[in-house]
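> fold the following.
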Amino acid sequence: MSRRFYPLVMAGIALSSVARPAAAADLSPLNWNGIYVGVSAAALAQAGDLTLSPVGDTPPDIALNPNLGGTSFFGGLYAGYNHAFGPVIAGVEADFSLGNSSSGVLSDKSSVPMSIWYAANTLQISNDSHIRLRAGYSLGSLLLYGSAGLAIASTKLSVVGYCPPDQYTGEASRVLVGGTVGAGVEYGFTPNVIGRAEYLFDDYGRVHLSPSVDQPGGDWQDRYVKLMTNTFRVGVSYKF
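Residues are numbered from 1 along each chain as shown. From the prediction side, this is the model:
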């Protein structure tokens with residue numbers, strides 16, 4: 001297990017360990033109906049790949065390590081509404097998180113030594129948000145749930161080309177829209193204070209990014225990014 005996930009995993013285990021004995025002691029159902037707002041902390045991990053397409057007759061750059069990776073901390077807010085149908089709980093939720101997730105891919109021309117030319121491609125995610133439908137089953141003060149909906153991420157692809165002693169730059173920014181699915185557990189510590197631990201998988205598909213040109217006499221090759229994210233998140237909310 002990656003050490004970067006260790007604090008979140010331990011937080012989830014701690015939440016579950018607190019919830020189990022408390023739920024056993026108090027089997028009366030929590031009133032899940034109503035509006036809630038909360039704060040969250042998360043680890044977001046990028047996944048996917050970056051590829052390049054040729055431009056004209058220019059020998060193409062090729063990604064040396066096309067796989068995206070890297071994990072970063074995100075903090076945010078969420079708000080939603082739940083309605084109880086007996087032990088079945090259904091609702092809708094929106095969230096917004098800020099962070100700085102970065103993943104790098106090197107590219108070069110197979111016919112040219114890297115001492116003459118190579119490029120560093122960096123994909124950054126500065127914020128993400130979700131609009132989700134949630135459905136779960138209540139066990140007293142414990143709620144097990146799944147979710148699905150819309151994922152939105154603000155991304156920027158920065159490209160730096162090195163041709164000693166010269167350096168060329170370019171970038172492309174885009175808001176990506178994709179789908180999200182997830183699962184989690186919530187526990188009501190009091191009738192109004194509710195803790196949670198959850199996992200989200202976001203898939204933005206494959207998108208085309210065309211970096212701006214800062215290279216005299218030429219164009220940057222178009223980049224194609226297949227982006228997915230895995231988010232492990234804990235939070236605490238107040239139910240009105």
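
> quick one: the strands in this protein?
Using DSSP state E, the strands of the chain run over residues 34-52, 61-63, 71-85, 88-109, 118-139, 142-163, 166-188, 193-209, 223-239.

> now the chain, which segments are flagged as low pLDDT?
Residues of the chain meeting the criterion pLDDT under 70: 1-28, 55-58, 213-219.

> switch to 50 and redo it
1-25 (pLDDT under 50).

> surely T51 touches L209?
No: T51 lies out of contact with L209 (Cβ atoms under 8 Å); the separation is 10.8 Å. The C-beta positions use only the backbone N, C-alpha and C, and glycine is treated the same way.

> with neighbour numbers in mind, choose between the two.
Ranked by neighbour count (other Cβ atoms under 10 Å), T51 and L209 place L209 first, with 21 against 16.

> just list the residues touching that one, thanks.
L209 makes contact with L157, A172, R174, D222, R223, Y224, V225 under the criterion Cβ atoms under 8 Å, 6 or more residues apart in numbering.

> for beta bridges, what are the partners of it?
For L209, the beta-bridge partners are R223 (DSSP bridges).

> how far away is it from A45?
Separation of L209 from A45 (Cβ to Cβ, to the nearest Å) stands at 20 Å.

> for the contacts of L209, which one is nearest A90?
When the contacts of L209 are ranked by distance to A90 (Cβ to Cβ), R174 comes first, at 33.3 Å.

> go ahead and confirm the closest one touches S210.
No: the criterion here is Cβ under 8 Å, and R174 misses it with S210 at 9.7 Å.

> hmm, I131 is touching A94, no?
Yes: with contact defined as Cβ under 8 Å, I131 counts as touching A94 (5.1 Å).

> who touches both of the two?
With Cβ under 8 Å, 6+ apart, I131 and A94 have no common neighbours.

> many thanks, have a good one.
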